[in-house]
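K.L.:
Whatever this is, show me its structure:
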Amino acid sequence: MKLYEELAGHLRALILDGTLKPGERVPSVRQVHRERGVSAATVMRAYLELERYGLIESRPRSGYFVTSAGLQRAPEPRHVRSRGRTTRVDVSELVFQILDAIGDRNVVPLGSAFPSPLLFPWSRLARYLGMSARRMDPWSTVESLPRGSEDLRRQIARRYLRYGAKVSADEIVITTGALEALNLSLQVLTRPGDTVAVEAPAFYACLQAIEAAGLKALELPTHPREGVDLGALSHAIETHQIRACWFMTNFQNPLGASMPDEKKHDLVQLLEQHRIPLIEDDVYAELHFGKERPKSAKSFDTSGLVLHCSSFSKCLAPGYRLGWVAAGRYAQAVERRKIMTTLSSSVPVQDGIAMFLQQDGYDAHLQKLRRTLAMQQAALLQALVVHLPDGYRLTQPEGGYFLWLELPGDVDSLEIHARALEENISIAPGPIFSARREFRNCLRLNFGHPWTPETERAIARLGHIIRECTAG
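P.N.:
Predicted coordinates for the structure are as follows:
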C-alpha cells in the first residue's frame with residue numbers, strides 16, 4: 001500500500017465513524033507532515049484523493065474541511081415483515097429484460113451486478129495462467145476431474161483456516177463460478193415441489209435457480225443491517241416443510257446486510273436442531289472494509305450441514321468463472337452431480353489461480369480493492385445526499401459494492417429504470433429481487449465502478465427522474 005493511500009484510508013475512516021464531522025477542519029498539511037513523518041507531497045496527494053471522492057473540500061486560505069453534505073447517514077430501509085406463504089417463482093423473464101437492457105458499455109452501470117473489470121490484476125493473472133499452461137502435467141487433466149486441482153483446494157482450505165473455519169480440502173469441489181456451486185448444491189438437496197427458505201429481498205439468481213428447479217420459495221424478512229430474521233425462520237420451520245435454506249450471510253445482495261457472528265452461530269444451531277441444510281452464498285466476504293474478514297456460517301458448522309459457496313469472480317478474476325463449494329457431508333453428492341453436468345472446470349485456470357495464491361499477491365490486491373470500493377461508496381453516498389430528494393432510506397454496508405435505496409411508497413422503480421435507461425443510466429429495480437415482485441419502491445445501486453464526472457452527472461439525473469416520479 002502506498003503512503004498516500006494509507007493516509008487517505010485513515011482519514012476516510014475518521015470521517016465515516018464521525019470522528020471528523022461534516023463542516024469540521026481536517027488537520028493541516030503541515031501538521032500531518034510533522035506528526036506522521038511523511039512528506040508534504042504525500043499529504044497533498046492523500047487530500048487530493050479524498051477531495052476527488054467528495055469527502056473533503058479546499059477553502060481558500062483556510063485549509064481542508066469535511067464536506068458539509070458528506071456522509072450524513074440516511075435512515076435505513078424498513079424491516080419488511082413476511083407474509084409467510086410459499087410462492088411459485090416466476091421472475092426470469094423480468095430479470096432477462098432488465099439484464100438485456102444494462103449490458104451496453106455506454107450505459108452508466110449503476111444497475112450492474114459486477115464490479116469494474118479495471119479493478120483486477122489482469123496482467124499478473126495472465127502471467128500465472130501462462131506459466132500454468134506451460135508447466136501443466138498432461139495427467140493433471142484427468143487426475144483433477146471432477147473435484148478440482150488439489151493445489152487450489154489446498155490453498156482455499158488454508159484461507160478457511162485463517163478466518164476460523166475448519167474445512168478439509170477433500171470436501172471442496174471446484175466449480176465453474178459460484179453460481180454453479182449454488183445450483184449443484186440446490187440440486188443435491190431438493191426435488192421439484194420442495195420449499196426453500198430465502199431472504200426478502202433475495203439475489204435474483206437465487207430466485208431463478210429455484211424457478212428452474214421447480215421449487216417453491218418461502219421469503220423471510222431480512223433486516224437491512226443484520227440479515228435474515230431468525231425468529232421468522234424459526235416460525236417458518238414449525239409451519240412449513242423446509243427442505244433447505246439459501247442465505248447470503250455477508251454483504252447480502254441486494255441489501256448489503258451482514259449477520260453478526262453470534263447470529264450466524266444461532267442460525268447454524270437452529271438449522272442443526274431441525275437437520276435442515278444451509279446453502280451459504282458468500283461471494284462478497286473478502287470485500288470487507290473493516291480490519292477483519294467477517295466469519296461465515298460455515299465457521300460454526302459441526303455437522304456438515306452448511307454448503308459454503310464462493311468464487312474468485314468478485315474479488316480477483318471475473319470472467320475466469322472459478323468458484324467452489326465446501327459441501328460438508330454432501331461433498332460426494334455434489335461431486336457426482338458435477339460429473340453429470342460440466343465434469344470439470346478449466347484445469348489451467350485452476351492451476352494459475354493456485355499459483356497466484358501461493359505467491360502471496362492476493363492479500364495485497366485485496367487491500368487495494370477494498371480501499372478503492374470504500375472510497376467509491378463514499379463518493380456515491382455523498383452524491384446521493386446532494387442530488388436525491390428528501391424522504392429516501394438507504395443501506396450503508398461495510399463491504400461489497402451495493403447500496404439498497406428505498407423511496408417513498410408511491411414511487412415505481414420499474415418506471416425509474418425505464419426512464420433512466422433512455423438516458424443511458426441503468427439501475428436494478430426492486431421487483432427482480434422478489435418472488436412476489438415486491439419492493440417496487442426500491443432499487444439497488446452499484447458503486448463498484450470508478451467514480452467519474454459522468455457518474456456524478458448520472459446520479460444528478462437519476463435524482464431529477466426520482467423527483468419527477470415522486471411528484472407524479
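K.L.:
all contacts plus neighbour counts: C-alpha atoms, from now on.
P.N.:
Noted.
K.L.:
Which helix or strand contains the residue nearest to Val32 when sequence neighbours are not counted?
P.N.:
If the residues on either side of it in the chain are set aside, Val32 comes closest to Val43, at 7.0 Å by Cα to Cα, 6 or more residues apart in numbering. Take DSSP states H and E as the rule and Val43 turns out to sit in helix 40-52.
K.L.:
Would you mind pulling the contact partners of that helix?
P.N.:
Helix 40-52 is touched from outside by 3-5, 7-8, 12, 29-30, 32-33, 56-58, with contacts defined as Cα atoms under 8 Å, 6 or more residues apart in numbering.
K.L.:
so which of those residues would you say is closest to Tyr64?
P.N.:
Of all the contacts of helix 40-52, Ser58 has the smallest distance to Tyr64: 4.5 Å, by Cα to Cα.
K.L.:
How much space separates the spatially closest residue to that closest one that is not a sequence neighbour from Leu11?
P.N.:
Of all residues not flanking Ser58 in the chain, Tyr64 sits nearest, at 4.5 Å (Cα to Cα, 6+ apart). Taken as Cα to Cα, to the nearest Å, the spacing of Tyr64 relative to Leu11 amounts to 12 Å.
K.L.:
Run through the helices of the stretch 351-472 of the chain in chain order.
P.N.:
Across the stretch 351-472 of the chain, reading from the start of the chain, the helices by DSSP state H, counting those that start in this stretch fall at 362-387, 413-421, 453-471.
K.L.:
Which secondary structure element of the chain has the lowest mean pLDDT?
P.N.:
Per-element confidence for the chain was summarised using mean pLDDT, DSSP states H and E. The lowest value among helices and strands belongs to helix 140-143, with a mean of 57.
K.L.:
Mind checking what helix or strand follows that helix in sequence?
P.N.:
Sequence order places helix 150-162 as the next helix or strand after helix 140-143, per DSSP H and E.
K.L.:
C-terminal to that following helix, which secondary structure element comes first?
P.N.:
Next in sequence after helix 150-162, counting helices and strands by DSSP H and E, comes strand 172-175.
K.L.:
Pull up the pairing partners for that next one, direction included.
P.N.:
Listed by DSSP bridges, the sheet partners of strand 172-175 and their directions read strand 323-326 (antiparallel).
K.L.:
Just the mean pLDDT for the strand it pairs with, thanks.
P.N.:
When pLDDT is averaged over strand 323-326, the result is 97.
K.L.:
what's next to it, contact-wise?
P.N.:
Outside strand 323-326, the residues that reach it (Cα under 8 Å, 6+ apart) are 167, 171-182, 307-313.
K.L.:
how far out from the middle of the chain is stretch 319-331?
P.N.:
In terms of Cα atoms, centre = their mean, to the nearest Å, the gap separating the centre of stretch 319-331 from the centre of its chain is 17 Å.
K.L.:
likewise stretch 432-452?
P.N.:
Relative to the mean C-alpha coordinate of its chain, stretch 432-452 is positioned 12 Å out (Cα atoms, centre = their mean).
K.L.:
and if you look at stretch 120-128?
P.N.:
Between the centre of stretch 120-128 and the centre of its chain there are 22 Å (Cα atoms, centre = their mean).
K.L.:
what about it, average pLDDT?
P.N.:
Across stretch 120-128, pLDDT averages out at 87.
K.L.:
What residues of it count as buried?
P.N.:
When burial is assessed from 16 or more other Cα atoms under 10 Å, stretch 120-128 yields the following buried residues: 120, 125, 128.
K.L.:
where along the stretch 1-150 of the chain do the strands fall?
P.N.:
The residue ranges that make up the strands of the stretch 1-150 of the chain, judged by DSSP state E, counting those that start in this stretch, are 56-59, 63-66, 86-88.
K.L.:
swap that for the stretch 151-300 of the chain, please
P.N.:
Remark: strands of the stretch 151-300 of the chain, listed N- to C-terminal, are 172-175, 195-200, 216-223, 227-228, 242-247, 278-281; assignment by DSSP E, counting those that start in this stretch.
K.L.:
quick one: which of those strands is nearest Ala257?
P.N.:
Taking Cα to Cα as the measure, the strands of the stretch 151-300 of the chain were each checked against Ala257, and strand 227-228 came out nearest at 5.2 Å.
K.L.:
Who does that closest one pair with, and is each partner parallel or antiparallel?
P.N.:
Sheet partners assigned to strand 227-228 using DSSP bridges are listed as strand 216-223 (antiparallel).
K.L.:
Next, the angle strand 242-247 makes with the strand it pairs with.
P.N.:
With axes from the mean of the first three to the mean of the last three Cα atoms, to 10 degrees defining the directions, strand 216-223 sits at 40 degrees from strand 242-247.
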